[in-house]
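J.: one predicted model, sequence on top.
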Amino acid sequence: MTSLTELILVFLDIFAVFILAASTLIAFMRGFIREALTLVTISVALAATYYGAPHLQPVMNAWLGVTEGSNDKLFDVIPMTLVSLALSHGSIFIVLLVILSISSHFIAEFVKSIGLGAIDRSLGALFGLIRGIILLAILYLPFHFILDQNTKDGWFGSSKTHVYLEKTSQAMIKIVPDGWIEKRFVKAEKVAIEHKEEIQGAREKLQALDLLQKMSDEDREKLMGLQENVDMDKLQSDGYSDEFRQQLDSLIEENSEDMPVNE
C-alpha cells in the first residue's frame, strides 16, 4: 500500500505539472507579445506605484484632511492614514494598469494583423513554460531556505519534480544580491515578534476587563488596590509586570469556580 507521504508527493508532482501545462497553454493561446506586454505593464505599474506613491500621499492627505498624528477613522473602523496610503498606491497602479493594458491590446492586435500569429504563439508557449518553472521555484523557495538538505531529501526524496525545483531555486538565488533575502527574513521575523507581543498584551487586557465584570465587589476592590501599587506609565509601555500577573492569576483562580459556564 502506498504510504500517505508518497501519495502527497504524487499530488505535488501532479500540481507542478498542472502549473506548467496551464501556464504554457495560456501563453500559447494569448501569444508571446500579449504575455510579454502584460508582464511589462504590471512591472511598470508596480515600479511607478512604489516610487510615485510617497510623492502623491501628501496630496491625498490634504484632500482627505489627514494630519500628522490624526486618529480619525473611516466608518469608525479604518484609520484615515491607512485610507490615504491605500488610495495613493491604488490610484497610481490602477490608472497606469488601465492605460498600459489598452496600449498593449492595440500592439498585440497589430502583430496579429501582419501575419506573425504562428511565431507569436510558439514563442508564447516557450514563455509560458519558463514562467511556470519560475513560479514553481518561487513557491518552493521557503522550503529551500528553511530546511536543510537532509530534511529536504527526507521530505521530497521520492518526488519526480523536486530535483528540478531545487536547481531552479539555486539558480534564482544567485541572481539576488548577497544578503538581500536574509535581511527580508530578519525584518519579517522582527515584525512578527512585535505583533505577537501586541496581540498578547491586548488579550491580557481583554481578559482582565472580562474578569472585572464577573468579579464580586470585594475582589474588584482587591484588584483596584493592586493597580494602585503599579507604575501605570511603565504598565502602558512594558505591559503587565510579573508580580501583577501573578496576583491577577490568583484572583482568576479564586473566581473561576464561581463563574457561570456559558452553554
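T.: Thanks, I have it. Values in this document were obtained by computation on a predicted structure and should not be read as measured data.
J.: and Trp155, how many residues sit next to it?
T.: Trp155 is surrounded by 15 other residues when neighbours are defined as other C-beta atoms under 10 Å. For every residue, glycine as well, the C-beta is placed using N, CA and C.
J.: tell me the pLDDT at it?
T.: Among the per-residue scores, Trp155 shows a pLDDT of 73.
J.: now Leu4
T.: You'll see Leu4 listed with a pLDDT of 67.
J.: outside of stretch 6-22, which residues touch it?
T.: 2, 129, 132-133, 135-136, 156, 158-161, 165 (C-beta atoms under 8 Å, 6 or more residues apart in numbering).
J.: from those residues, which is closest to Ile42?
T.: Using C-beta to C-beta, Leu135 is the member of the contacts of stretch 6-22 that sits closest to Ile42, with 13.9 Å.
J.: neighbours of that closest one, just the number please.
T.: Counted with other C-beta under 10 Å, the neighbours of Leu135 add up to 14.
J.: does the residue nearest to Thr168 when sequence neighbours are not counted lie in a helix or a strand, and which?
T.: Excluding the flanking residues, the one nearest Thr168 by C-beta to C-beta, 6 or more residues apart in numbering is Ala137, at 3.9 Å. Ala137 is part of helix 117-146 when elements are defined by DSSP states H and E.
J.: report the inter-axis angle for the helix or strand that that helix is followed by versus helix 117-146.
T.: Counting by DSSP H and E, the element after helix 117-146 in chain order, helix or strand, is helix 149-156. Interaxial angle, helix 149-156 versus helix 117-146 (axes from the mean of the first three to the mean of the last three C-alpha atoms, to 10 degrees): 120 degrees.
J.: buried set for helix 149-156?
T.: Buried residues in helix 149-156, defined by neighbour count with 16 or more other C-beta atoms under 10 Å: 152, 156.
J.: who does it touch, helix- and strand-wise?
T.: helix 117-146, helix 162-175 (3 or more C-beta pairs under 8 Å, 6 or more residues apart in numbering; DSSP states H and E).
J.: columns distance to Ala21 on top of those, output as CSV?
T.: CSV is the format used below for the helices and strands packed on helix 149-156 (distance: least, C-beta to C-beta, whole Å):
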stretch, distance to Ala21
helix 117-146, 8
helix 162-175, 15
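J.: point out the most buried one among those.
T.: Each of the helices and strands packed on helix 149-156 was scored by mean neighbour count; the highest is helix 117-146, a mean of 16, by mean count of other C-beta atoms under 10 Å.
J.: I'd like the mean pLDDT over that helix, please.
T.: Per-residue pLDDT values across helix 117-146 average out to 85.
J.: report the angle between it and helix 162-175.
T.: On the basis of the same axes, to 10 degrees, helix 117-146 is oriented at 90 degrees to helix 162-175.
J.: then stretch 46-64 to CSV, C-alphas only?
T.: Taking Å, rounded to 0.1, in the frame of the first residue of the first chain, the C-alpha atoms of stretch 46-64 are listed here in CSV:
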residue,chain,number,x,y,z
LEU,A,46,4.3,48.4,-9.7
ALA,A,47,7.5,50.3,-10.1
ALA,A,48,5.7,53.6,-10.7
THR,A,49,3.5,52.9,-7.6
TYR,A,50,6.5,52.1,-5.4
TYR,A,51,8.3,55.3,-6.3
GLY,A,52,5.4,57.6,-7.0
ALA,A,53,3.0,56.9,-4.1
PRO,A,54,5.2,58.6,-1.4
HIS,A,55,5.0,61.8,-3.5
LEU,A,56,1.2,61.5,-4.0
GLN,A,57,0.4,60.7,-0.4
PRO,A,58,0.8,64.3,0.9
VAL,A,59,-1.6,65.5,-1.8
MET,A,60,-4.0,62.7,-0.8
ASN,A,61,-3.7,63.6,2.9
ALA,A,62,-4.6,67.2,2.0
TRP,A,63,-7.7,66.1,0.1
LEU,A,64,-8.8,63.8,2.9
